[in-house]
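J.: I would like the atomic coordinates for the input below:
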Amino acid sequence: MSDVHLSLLNDFQRGFPLIPAPFDVISDRLGMGVEELLDTLRRLVREGVVSRVGAVFRPNRIGVSTLAAMAVPAARLADVAQRVNRHPEINHNYEREHRFNLWLVATAANAAHLDRVLHDIEQEAGLRIMRLPMVQDYHIDLGFDLRATVALADLRSMKGPAANTGQSLDAQDYALIAAIQDGLPLVTRPYAAIGTIAGLSEAEVLLRLEHLLNQDIIKRFGIVVRHHELGFRANAMVVWNIPDERIDELGRCTGASGLVNLCYQRPRHLPDWPYNLFAMIHGKDRAAVMERLVLLREQCGLKDFEHEVLFSKQRFKQTGAHYVEAQCEKAA
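T.: Got it, this is the predicted structure:
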């Protein structure tokens, strides 16, 4: 990867310009023409290196989502994973090293829709789904530092989780979210193009996007990369059994450590699942992940708590979540 491409993918994963011609600013900073920049991004999307350019929404601020897991007999894993993937509400579907070996993220416009999807999967597979909705997030940022050191400092300085203010969204907000959830069009005036889709002016699109960012409904706005294609081929979900009275303390420490991409509290599911603190650690290989885990356990005092490390084995599905089709109708 050239230095220019590295800067493009590394430096614009957040803080994407909210101005009418954002790619002009980026191309000037990188010393390349705007059409060359757009062609490069289009190629990286085709190659799967870039998922999209646009918004990463904070979970459960619009729509609802949950992490879920299934214990699937090895002989049936591929078939069950394929059945799961047919549901558009499933945006992530991974095999992990555990008795609960199939892990998925489901997102829908409302709780009833989400329950129907998971119930349908249970009926199709003949297997129970363990539902693990998020209770509290301590850090969510699926940005990846491609220079090995820069982003760690950035992550430590990022603001912590925001409380859900209950800020209401109107029909135009939902129309805008529907228009951007697959990413910005890769054209010179992307916000004007989004406005045409959503029935808004370019200026209204920019104002509403800024508002959604300020309300922490949009967690991050920029280039969304696919970690596996960029060499982060090892990832582990690390789970701990933390006493309830210490979950916030240790969750905040883990989330602020600069060593994890995700950290959140989820409910225990006894007797099968005693864990309530979850963190995702990504690395170029297993050794790099385990090195980070050792540092994390030392830094946050996690060494004495029961834990498990669930490395990913296969990626069956990884797409952006869709939130608002039904919500948009409701708001209208």
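
J.: can you give the domain ranges for the chain?
T.: Using automatic domain parsing, the domains assigned to the chain come out as 1-47, 64-144+228-318.

J.: how about the strands in the stretch 151-300 of the chain?
T.: Under the criterion DSSP state E, counting those that start in this stretch, strands of the stretch 151-300 of the chain are mapped to 218-225, 234-240, 262-265, 277-283.

J.: how about these, which one is nearest residue 30?
T.: Closest to residue 30 of these is strand 218-225 (CB to CB; 12.3 Å). In short, each C-beta sits where N, CA and C put it, glycine included.

J.: which helices and strands does the closest one pack with?
T.: If you count contacts as 3 or more CB pairs under 8 Å, 6 or more residues apart in numbering; DSSP states H and E, strand 218-225 packs onto helix 3-11, strand 50-57, helix 202-214.

J.: what's the last one in contact with?
T.: Outside helix 202-214, the residues that touch it by CB atoms under 8 Å, 6 or more residues apart in numbering are 18-20, 55, 172-173, 176-177, 180, 189, 191-192, 194-195, 198, 200, 218, 221.

J.: which of those residues are buried, as a PyMOL select command?
T.: To isolate the buried subset of those in PyMOL, counting by 16 or more other CB atoms under 10 Å, use the following:
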select buried, resi 55+172+173+176+177+180+191+192+194+195+198+200+218+221
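
J.: now stretch 22-37, how far from the chain's geometric center?
T.: Distance, stretch centre to chain centre, for stretch 22-37: 27 Å (CA atoms, centre = their mean, to the nearest Å).

J.: go ahead and name everything in contact with that stretch.
T.: Stretch 22-37 is contacted by residues 4, 7-8, 12, 16-17, 19, 21, 38, 40, 186, 188, 190-191 when judged by CB under 8 Å, 6+ apart.

J.: and for residue 309, the neighbour number?
T.: Neighbourhood size, residue 309 [other CB atoms under 10 Å]: 16.

J.: give me the beta-bridge partners of it?
T.: Beta-bridge pairing for residue 309 (DSSP bridges): residue 238.

J.: as CSV, the helices and strands packed on strand 218-225 with mean pLDDT and distance to residue 85 would be great.
T.: As requested, the helices and strands packed on strand 218-225 are exported to CSV (pLDDT from 0 to 100; distance: least, CB to CB, whole Å):
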stretch, mean pLDDT, distance to residue 85
helix 3-11, 86, 27
strand 50-57, 90, 17
helix 202-214, 95, 29
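
J.: most tightly packed of those?
T.: strand 50-57 (a mean of 23; mean count of other CB atoms under 10 Å).

J.: export the helix or strand that it is followed by as PDB, just CAs?
T.: Downstream of strand 50-57, the first helix or strand assigned by DSSP states H and E is strand 64-70. C-alpha atoms of strand 64-70 as PDB (Å, rounded to 0.1, in the frame of the first residue of the first chain):
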ATOM      1  CA  VAL A  64     -32.500  -2.200  18.000                       C
ATOM      2  CA  SER A  65     -29.800  -4.700  17.800                       C
ATOM      3  CA  THR A  66     -28.400  -7.700  19.700                       C
ATOM      4  CA  LEU A  67     -25.500 -10.000  19.800                       C
ATOM      5  CA  ALA A  68     -26.600 -13.600  19.700                       C
ATOM      6  CA  ALA A  69     -25.000 -17.000  19.800                       C
ATOM      7  CA  MET A  70     -25.800 -20.600  18.800                       C
END
